[in-house]
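> Kindly return the folded structure for what I paste below:
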Amino acid sequence: MQRVLIALGIVILLAGLLWPWLGKLPLGRLPGDIVLMTMVIASAVLSLIFWLFRR
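Numbers count the residues shown, from 1 in each chain. Now for the predicted structure:
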């Protein structure tokens, strides 16, 4: 659990530092329902990251 929290903190820190560049990515303009598709992709990426940490 400690590793997950540390990793999550690092990801949030990096997202905060890279926010000016992340805002330019076309994530809000994905095909289909914009909010739903973005959340599905974000959920899949986070699930993969957490699965890799558990291995």
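
> For the chain, which element, helix or strand, carries the lowest mean pLDDT?
Every helix and strand in the chain was compared by mean pLDDT, DSSP states H and E; the lowest is helix 19-22, with a mean of 75.

> What is the distance between that one and the centre of its chain?
Here helix 19-22 shows a centroid-to-chain-centroid distance of 13 Å under the convention CA atoms, centre = their mean, to the nearest Å.

> which residues are in contact with that helix?
Helix 19-22 has contacts (CB atoms under 8 Å, 6 or more residues apart in numbering) with residue 15. (Each C-beta comes from the backbone N, C-alpha and C, glycine too.)

> going on from it, what's the next piece of helix or strand?
Using DSSP states H and E, the helix or strand that follows helix 19-22 towards the C-terminus is helix 34-54.

> So which other helices or strands are in contact with that following helix?
Under the contact criterion of 3 or more CB pairs under 8 Å, 6 or more residues apart in numbering; DSSP states H and E, helix 34-54 touches helix 2-17.

> Centre of the chain to the helix it packs on, how far?
That offset, for helix 2-17, works out to 11 Å (CA atoms, centre = their mean).

> sorry, back to before: what residues sit buried inside the least confident helix or strand of the chain?
Buried residues in helix 19-22, counted by 16 or more other CB atoms under 10 Å: none are found.

> tell me the centre residue of this protein?
Residue closest to the mean C-alpha point of the chain, counted by CA atoms, centre = their mean, is residue 42 at 5.1 Å.

> Report pLDDT for that residue.
pLDDT, residue 42: 84.

> go on, residue 6?
On the pLDDT scale, residue 6 gets 86.

> Output the below-cut-off pLDDT ranges for the protein.
Low-confidence regions of the chain, defined by pLDDT under 70, span residues 22-23, 25-35.

> Residue 7: how many residues sit nearby?
Neighbour count for residue 7, taken as other CB atoms under 10 Å: 14.

> Hmm, it is touching residue 52, no?
No: using CB atoms under 8 Å, residue 7 is not in contact with residue 52, being 9.9 Å away.

> follow-up on the earlier one: and the least confident helix or strand of the chain, C-alpha only, in PDB?
Once non-C-alpha atoms are left out, helix 19-22 reads as follows in PDB (Å, rounded to 0.1, in the frame of the first residue of the first chain):
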ATOM      1  CA  TRP A  19       0.100  20.600 -16.700                       C
ATOM      2  CA  PRO A  20       0.900  23.400 -19.300                       C
ATOM      3  CA  TRP A  21       2.000  20.700 -21.800                       C
ATOM      4  CA  LEU A  22      -0.700  18.200 -20.900                       C
END
